[in-house]
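A.B. asks: please find the sequence and the predicted model below.
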Amino acid sequence: MSDSVSQRPPHYLDELNEVQRQAATATEGPVLVIAGPGSGKTRVLTYRIAHLIEKGTAPWEILALTFTNKSAREMKERIVKVVGQKASDIWAGTFHSLFARILRVEAKHIGYPSNFTIYDTDDTKSLINSIIKELNLDKTVYQANAIKNRISSAKSSLITPKLYMNNAELLTQDKQAKMPLVHKIYAAYVSRCKKAGAMDFDDLLYRLFELLQNHPDVAKKYRRKFKYVLVDEFQDTNTLQYAIVKKLVLYPKSPRNICVVGDDAQSIYAFRGATIQNILDFERDFADHGIQTFKLEQNYRSTEHIVQAANAVISHNRRQIQKNIWSHKGEGQKIKIIREMDDTGEGRRVADTIVEQKSRYHLKNEDIAILYRTNAQSRIFEEYLRKFNLPYRVYGGLSFYQRKEVKDLVAYLRLVVNPNDEEAFRRSINNPKRGIGGTSLEKVASLAGQQGITLFEALKHVALPKRTRHAADGFIELITKARAKADTANAYELAETVARKSGLLDNLRKDVSIEGMARLENFQALLDGIKSFVEEDTLIDTDTLPDKTLASYLQNIALLTDFDSNEEKNNTDVITLMSVHAAKGLEFKSVFVVGLEKELFPSFMSMGTIEGMDEERRLFYVAITRAEQFLTLSYANTRYRYGKMKMNEPSVFLTEIPAEAVENTSYSRRSEKSEYDPLERQRAKVSGIVPIRKRGTAKFTKPKMDPSKFKPNPPAEIEEGQNVMHLKFGEGRVVKIDGGADNRIATIHFSGLAQPEKRIMLRFAKLQVLD
DNA sequence: CCTGCCTGGGTTTTT
DNA sequence: CCCAGGCAGG
């Protein structure tokens, strides 16, 4: 360590442990890195890229795919520190944003304008609703949300509308869900998006796949360009994303320089189509080319009690890649479990504990995070943090760009850039009110449908009453005039003009309520944002659209969701409140995981299936492994949900934390470890030892099978002759079914009972068919 | 065509 | 509880 003649700059590789260094320097060929929580994954990734650049790879030959803009930004910043400013030429970003960037360049090959609009979730839902209406379907049966998910998973599985229509399994599923016409909606949706020059989130992936598939020359171009491909959070990629990655790196004579980094235990996006099958497939797909696998198992983040708890929890999952996460940071504090009577109590108690921790351990606000399963839970904590004068910041929920007043102006701007944008049209046409209501819009839509033209085009030609016609012409003129200048004018000036001439600005100014003023402020903030976009010397994405047009601004914001647009730099020392999902990749000295109740965490949506429970458990694993030194878990016996008080049992996850790692608090003292403590009861149930009740004669009948594995079939599927499982009665055989339609009654013979014959109303029964 | 009341339905996680 | 959307009245 002589720094007298430091010829060599401080070498970053020295900051890595042995496995990390190997993972960072094995640059050639396929590499799989399994990285446990806190194991220095980001460090490996960044140093790997730095290493590539030092070895002479050009930054733009490196493609690094991440899940959030934030992690991409962080990665870039860290690489800049090692190799300097040239790092900003690395293609590092989210799947969606980098693919959008490629698609804009290559749009002409797939019949899209390069300034295509990106539909967000609201646009998608609204379009689906329009289609449902046009097809005269009952929207209480055809729910936009469900259909959106259906379409999304179809796209993610590379199923086109045509394939969908010919897929017996999907059609049957739809029929069973009483929505036999989903395929029709899907087909209409795709053609409407295309006509509108719009892509939804899934299209950004799907269309790129299509492009690479159908245009070998384009595929070749990007294969040559991206000499090294890295994928972060690989466990959260879906089939489609992996398919695209393979298109880029798996072809004849490819050097197969791909490095994927992930942790199967932290896969928490299965609901979005992510599958850890990709990790297994990766091993198979690249097996012929000598995969190098590295496991990062040392946890540098958390103390031992926390790591021990995390290991114990995750061991309840089936099917995982074997690994042994360990820590050398000392035992540390035990985990604290807080039990309160109700949600208000939970809020107060957590705030209370934060105050205590802060003073006892000299923690700053920024060292502390409160993590919850659903964003809706933040409110009570906000309330108490305010009461206790603790500054905080809530992440997630409504982002800046999702606010109504912001979306209103953005819709106009979108329309200016792309007049075909149907959703932007619908949003703007009568906002602010200019007397073009439902009736007129229907006329427009019908003409557009007949002639196969866009709504904007139809508005020009449709027959309207005089007054309405006048209003329509004003609207058309506004958009057309702005459009004429769109490619040349300064984006800020143009946006400002549109804001004024549309009447949106005046409208907001009229509202002097507190919320109204806040809205005006947001509106102004959007304009300010455009202004700084114009003035800023941004180097990012310059090869696509090196200009300062409105189009390029919109493209920049389209995929920013959680982005902190107006960073409140004045106060960064704040407590963090966010969903567990949002917390992935972050760490805090002290973490509170709250609302640990059955049906909340794990969510009732996921409790029905083993896969669902496993994912919830991984989510819980992610939550507790965010903590460096202090981990507090809390739950409430009752909680308001949908305006009703609801009783809650503690989450099963609490029982999976080993007792040795848990602090004895007044709430789990021995004297209180009685049948009255629901956690204790739950623990007992899980371990199979059921506490004997002192009073009453109600006896606990042990379920005949593990309830978490119990998957009842819908009543319609129960038929004569089947063997079925009933939680209370056990295994039985359906002898007879009588009664019709909604009133079917099954006679079932349960062998294990004194009175084996039971007649069961199928409408209410929960029966699982055994095969 | 607009406003305001009312009802009924849904309630997870995110790019 | 909170919202979107339907409907009646202006």
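C.D. replies: Thanks, I have the structure now.

A.B. asks: tell me the contacts of the residue positioned nearest the centre of chain A?
C.D. replies: Nearest residue to the geometric centre of chain A (Cα atoms, centre = their mean): residue A:269, 6.4 Å. Residue A:269 makes contact with A:236, A:238, A:581 under the criterion Cβ atoms under 8 Å, 6 or more residues apart in numbering. C-beta here means a position set from N, CA and C on the backbone, and glycine is covered the same way.

A.B. asks: what about the helices in the stretch 1-150 of chain A?
C.D. replies: For the stretch 1-150 of chain A, applying DSSP state H, counting those that start in this stretch gives helices covering A:18-25, A:41-54, A:69-83, A:95-106, A:121-134, A:144-156.

A.B. asks: look at the residue in chain A that DNA strand C sits nearest to and say how many residues are nearby.
C.D. replies: Of all residues in chain A, the one sitting closest to DNA strand C is residue A:643 (2.8 Å; Cβ to the nearest atom of the strand). When neighbours are counted by other Cβ atoms under 10 Å, residue A:643 registers 5.

A.B. asks: for residue A:290, same thing?
C.D. replies: Residue A:290 has 10 neighbouring residues, counting by other Cβ under 10 Å.

A.B. asks: next: residue A:477.
C.D. replies: Counted with other Cβ under 10 Å, the neighbours of residue A:477 add up to 11.

A.B. asks: what comes into contact with the strand or helix carrying it?
C.D. replies: For residue A:477, the enclosing helix or strand under DSSP states H and E is helix A:466-486. Contacts made with helix A:466-486 from outside it, assessed by Cβ under 8 Å, 6+ apart, are listed as A:412, A:415-417, A:419, A:428-429, A:434-436, A:440, A:456, A:459-460, A:462, A:464, A:494, A:497-498, A:501-502, A:549-551.

A.B. asks: give me the mean pLDDT for the helix or strand following that helix.
C.D. replies: Past helix A:466-486, further along toward the C-terminus, the next helix or strand under DSSP H and E is helix A:491-501. Within the predicted structure, the mean pLDDT of helix A:491-501 is 92.

A.B. asks: what do you get for stretch A:70-84?
C.D. replies: Averaging pLDDT along stretch A:70-84 gives 86.

A.B. asks: now do stretch A:523-533
C.D. replies: pLDDT averaged over stretch A:523-533 equals 86, rounded to a whole number.

A.B. asks: what residues sit buried inside it?
C.D. replies: If you call a residue buried by 16 or more other Cβ atoms under 10 Å, then stretch A:523-533 has these buried ones: A:523, A:525, A:526, A:527, A:529, A:530, A:531, A:533.

A.B. asks: what's the answer for stretch A:596-610, then?
C.D. replies: By neighbour count on 16+ other Cβ under 10 Å, the buried set for stretch A:596-610 is A:596, A:597, A:598, A:599, A:600, A:601, A:602, A:603, A:606.

A.B. asks: ok, now which ones touch the fifth one?
C.D. replies: Read that as residue A:600. Each residue near residue A:600 by Cβ under 8 Å, 6+ apart is listed here: A:373, A:374, A:639, A:648, A:651.

A.B. asks: please apply the same query to residue A:492.
C.D. replies: A:527, A:530, A:531, A:533, A:534.

A.B. asks: sorry, back to before: so which of the contacts of helix A:466-486 are also by DNA strand B?
C.D. replies: Restricting these to those near DNA strand B by Cβ under 7 Å from any atom of the strand leaves A:434, A:435, A:436, A:440.

A.B. asks: by neighbours, which of these wins?
C.D. replies: When neighbours are counted by other Cβ under 10 Å, residue A:436 leads these with 22 neighbours.

A.B. asks: quick one: is stretch A:169-179 near DNA strand B?
C.D. replies: No. Interface with DNA strand B: stretch A:169-179 contributes nothing (Cβ under 7 Å from any atom of the strand), its closest point being 11.7 Å away.

A.B. asks: and residue A:716, how many neighbours?
C.D. replies: With neighbours defined by other Cβ under 10 Å, the count for residue A:716 comes to 10.

A.B. asks: contacts only, for it.
C.D. replies: Residue A:716 is in contact with residue A:176, counting by Cβ under 8 Å, 6+ apart.

A.B. asks: did I read that right, it in a strand?
C.D. replies: No. With DSSP: H, G, I helix; E, B strand; the rest coil as the criterion, residue A:716 is helix rather than part of a strand.

A.B. asks: low pLDDT regions in the stretch 351-500 of chain A?
C.D. replies: Across the stretch 351-500 of chain A, the stretches falling below the confidence threshold (pLDDT under 70) are A:397-398.

A.B. asks: show me the strands in it, by range?
C.D. replies: Shown for the stretch 351-500 of chain A, the strands assigned by DSSP state E, counting those that start in this stretch span residues A:368-372, A:392-394.

A.B. asks: and the stretch 501-650 of chain A, by the same measure?
C.D. replies: With DSSP E, counting those that start in this stretch as the criterion, the stretch 501-650 of chain A has strands at A:575-579, A:588-593, A:627-641, A:644-647.

A.B. asks: wondering if the third one reaches DNA strand C at all.
C.D. replies: This means strand A:627-641. Yes. For a cut-off given as Cβ under 7 Å from any atom of the strand, strand A:627-641 has contacts with DNA strand C, namely residue A:640.

A.B. asks: relative to residue A:287, how far out is the nearest residue to residue A:180 once chain neighbours are set aside?
C.D. replies: Counting by Cβ to Cβ, 6 or more residues apart in numbering, residue A:174 is the residue found nearest to residue A:180 once chain neighbours are left out, at 5.4 Å. For residue A:174, the distance to residue A:287 under the criterion Cβ to Cβ, to the nearest Å works out to 38 Å.

A.B. asks: what is the burial count for the residue of the stretch 651-771 of chain A found nearest DNA strand B?
C.D. replies: Using Cβ to the nearest atom of the strand, the single residue of the stretch 651-771 of chain A nearest to DNA strand B is residue A:651, 13.6 Å away. Residue neighbour count, defined by other Cβ under 10 Å, stands at 24 for residue A:651.

A.B. asks: where's it relative to residue A:339, distance?
C.D. replies: Distance of residue A:651 to residue A:339, computed by Cβ to Cβ: 11 Å.

A.B. asks: how about residue A:76?
C.D. replies: Summarising the geometry, the distance separating residue A:76 from residue A:339, computed by Cβ to Cβ, is 44 Å.

A.B. asks: sorry, back to before: and which of the contacts of residue A:492 is nearest DNA strand B?
C.D. replies: Relative to DNA strand B, the closest of the contacts of residue A:492 is residue A:533; by Cβ to the nearest atom of the strand it sits at 19.5 Å.
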